[in-house]
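Trainee: Just need the structure, nothing else, for what follows:
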Amino acid sequence: MGKMLLSLVLIGGVCGALLVGTHALTAGDIQLNREAQARALMSAMLGEPLPDDQDIQAQVFGNCATWVFQQINVDGYAGDIDLRVLWRAGDEMTLRVTRHSETPGIGDFIDHQRNPWITGLDGRSAEYVAQIDKVSGATITARAIKLAAQRSAQGIEAFCRG
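Mentor: Residues are numbered from 1 along each chain as shown. All right, here's what the predicted structure looks like:
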């Protein structure tokens, strides 16, 4: 019994050390990959390369005279929904969901790579998005997108005019 327990502790320790070591070796590359994906998404939203000097980790960044990016987090049906919002001069916004755990098949309409629904809101105002009635079977998810647009509009108002 003692040898078996010692073996389990040893195996668990080796596995834990391997996990910690793998994380230490790959964490930097994973972060660089996430930043590259975020920059690519924001460049696609902007329609031009994102300037290299932009701190994409900031909650809000850009120049209010031309464009501003904002990160928003709202509660969805199955957890948090993270979005990037691009605001252009004239109060036109573009929403992109960067992470969600909504029900596959039902909440997929918010994923721009799986469904064109959210891209249909491109260039609209927060007031337009606030009038979305519902999406069949995904009322809570649609309500979260409406809330994200409203919170984003309030944040941009404070950032640009406050």
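
Trainee: Secondary structure class of residue 68, three-state.
Mentor: The assignment at residue 68 comes out as strand when based on DSSP: H, G, I helix; E, B strand; the rest coil.

Trainee: I figured it hits residue 158, correct?
Mentor: No. The pair residue 68 and residue 158 does not pass the contact test of Cβ atoms under 8 Å, sitting 11.4 Å apart. For glycine as for every other residue, the C-beta is placed from the backbone atoms N, C-alpha and C.

Trainee: Compare these two (neighbour count), which wins?
Mentor: Higher neighbour count among residue 68 and residue 158: residue 68, with 21 against 10, using other Cβ atoms under 10 Å.

Trainee: mind listing what the more buried one touches?
Mentor: Under the criterion of Cβ atoms under 8 Å, 6 or more residues apart in numbering, the contact partners of residue 68 comprise 60, 61, 62, 86, 87, 156, 159, 160.

Trainee: closest to residue 34 among those?
Mentor: residue 61 (16.7 Å; Cβ to Cβ).

Trainee: Show me where the chain has its strands.
Mentor: Remark: strands assigned in the chain by DSSP state E are 60-63, 67-75, 80-88, 92-99.

Trainee: Output these as CSV; include the columns distance to residue 131.
Mentor: What follows is the strands of the chain, written out as CSV (distance: least, Cβ to Cβ, whole Å):
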stretch, distance to residue 131
strand 60-63, 25
strand 67-75, 17
strand 80-88, 17
strand 92-99, 14
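
Trainee: coming back round to it: which of the contacts of residue 68 are buried? Put it as a PyMOL command.
Mentor: The buried subset of the contacts of residue 68, as determined by 16 or more other Cβ atoms under 10 Å, is captured in PyMOL by this line:
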select buried, resi 60+61+62+86+87+156+159
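
Trainee: Which strands or helices does the worst-scoring helix or strand of the chain on mean pLDDT pack on?
Mentor: None of the helices or strands of the chain scores lower by mean pLDDT, DSSP states H and E than helix 126-130, at a mean of 85. Counting by 3 or more Cβ pairs under 8 Å, 6 or more residues apart in numbering; DSSP states H and E, the packing neighbours recorded for helix 126-130 are strand 92-99, helix 139-161.

Trainee: Dump these into a markdown table; add distance to residue 47 as well.
Mentor: Below are those laid out as a markdown table (distance: least, Cβ to Cβ, whole Å):
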| stretch | distance to residue 47 |
| --- | --- |
| strand 92-99 | 10 |
| helix 139-161 | 19 |
